[in-house]
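Undergrad: Test case, fold it:
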Amino acid sequence: MTNMGRSLLICETLINNQPLAVATVHLESLANKYYREVQLSLSFKILAPFNNAMLMGDFNFDSSWEEQANIDKEYDDIYLTLNNGVESFTMPKTPKFA
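TA: Sure thing, here's the model as predicted:
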């Protein structure tokens, strides 16, 4: 889709003898909303066969962006859950990345 070489990496493991898929992704950044939505949708489709899965990484959007609505309802935004719904950034805003 893009020239940035984005990938979904999955590690299958056992936790307490239960299978778990742990996946990480770095979605498109900046003004690439469409690509982020496609990448997120594909990630959930790939993880759908797993009974237990975690998806983490750099999504390049926050809970106020439209992309948040595309998170599969089977998943929780654990950052918001653990921080009482309070959003924050992983890097400070700059004039280039606001």
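
Undergrad: use CA for all of it now, contacts and neighbours both
TA: Noted.

Undergrad: what's the distance between the helix ranked longest in the chain and the middle of its chain?
TA: Counting residues, the longest helix found in the chain (DSSP state H) is helix 33-47. Centroid separation for helix 33-47 versus its chain: 9 Å, with C-alpha atoms, centre = their mean, to the nearest Å.

Undergrad: Quick one: the helices in this structure, in order.
TA: 33-47, 78-82.

Undergrad: Check what contacts the shortest one and list those residues.
TA: So that's helix 78-82. Here helix 78-82 makes contact (C-alpha atoms under 8 Å, 6 or more residues apart in numbering) with Gly85, Val86, Glu87.

Undergrad: Need those residues in CSV (columns: pLDDT, neighbour count and distance to Pro95).
TA: CSV is the format used below for these (pLDDT from 0 to 100; neighbours: other C-alpha atoms under 10 Å; distance: C-alpha to C-alpha, whole Å):
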residue, pLDDT, neighbour count, distance to Pro95
Gly85, 82, 12, 26
Val86, 84, 10, 23
Glu87, 78, 11, 20
